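Chemist: Based on what follows, work out the 3D shape:
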Amino acid sequence: MADAAHSLLNRMIRAARLDRQVYEEVEQDKGAMGQAMTVVLLSSLAAGFGAFHDGGVRALIFLALAALLGWVVWAYTTYLIGTRLLPEPQTRSNLGEMLRTTGFSSSPGVIRILGLIPGLGLLSAFVAAIWMLVTMVIAVRQALDYQHTGRAIAVCMLGWLIWIILMMLVGPGPFSGTAV
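Modeler: Residues are numbered from 1 along each chain as shown. Model (predicted):
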């Protein structure tokens, strides 16, 4: 058990440090799906706790569920865009590879726990969002076997735009307005 936790923590740190090799590892490691899901949950729970003083328990629950759903939707969207719309000749991937790599790209999101400290909520959320976007680009590049980072950026931006449109259609979320 300690080895599994150490392996997860090691991979999260390497993913946050932009280590391309860790994304290759999790892409190939079919047993890493649970770890990838754990990373997404830890990151979303950190965001939920960081937003707790503004949104309470509903914010915590909503952010955890939204992060899991968002991970799957964005991974699937980037997978489709990357393999169907913008593939390179050597692009070979599947949804599992994309889920594993993009799951680990959520690693920097754990800093959102700093939102518990008054005055650091927005800053930690902003820094985490930018950092996670960068790790997402690396994850997509590795999962899709791209030779050029520009193509991975395009895939991520298109996926992000689709995600934003979906969020606008869904609405502001269940914890907008007054805190519970």
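Chemist: any idea how far the residue lying closest to residue 136 once chain neighbours are set aside is from residue 14?
Modeler: Take residue 136 and drop its neighbours on the chain: the residue closest to it by C-beta to C-beta, 6 or more residues apart in numbering is residue 105, 4.4 Å away. (Glycine included, C-beta is placed from N, CA and C.) Going from residue 105 to residue 14 by C-beta to C-beta, to the nearest Å gives 12 Å.
Chemist: So which of those two has more stuff around it?
Modeler: Shown here are residue 105 and residue 14; by other C-beta atoms under 10 Å, residue 105 has more neighbours (33 against 18).
Chemist: other SSEs contacting the helix or strand of the chain with the lowest mean pLDDT?
Modeler: Using mean pLDDT, DSSP states H and E, helix 52-80 stands out as the lowest-scoring helix or strand of the chain, at a mean of 82. Helices and strands touching helix 52-80, by 3 or more C-beta pairs under 8 Å, 6 or more residues apart in numbering; DSSP states H and E, are helix 33-50, helix 95-104, helix 121-143, helix 149-170.
Chemist: Tell me which residues of that helix come out buried.
Modeler: Neighbour counts using 16 or more other C-beta atoms under 10 Å place 52, 55, 58-60, 62-64, 66-67, 70-75, 77-80 of helix 52-80 among the buried residues.
Chemist: Centre of the chain to that helix, how far?
Modeler: 9 Å (C-alpha atoms, centre = their mean, to the nearest Å).
Chemist: Stretch 114-125 now?
Modeler: That offset, for stretch 114-125, works out to 19 Å (C-alpha atoms, centre = their mean).
Chemist: Show me what counts as buried in that stretch.
Modeler: Neighbour-count burial for stretch 114-125, counted by 16+ other C-beta under 10 Å, picks out 114, 115, 120, 121, 124, 125.
Chemist: and for it, what are the contacting residues?
Modeler: 47, 49, 50, 51, 52, 53, 54, 111, 112, 113 (C-beta atoms under 8 Å, 6 or more residues apart in numbering).
Chemist: give the contact list for residue 162.
Modeler: Residue 162 neighbours (C-beta under 8 Å, 6+ apart): residue 77.
Chemist: check contacts around the residue positioned nearest the centre of the chain.
Modeler: Among the residues of the chain, the one closest to the centroid is residue 106, at 3.5 Å (C-alpha atoms, centre = their mean). Applying C-beta under 8 Å, 6+ apart to residue 106 gives the contacts 39, 40, 42, 43, 44, 67, 71, 132, 135.
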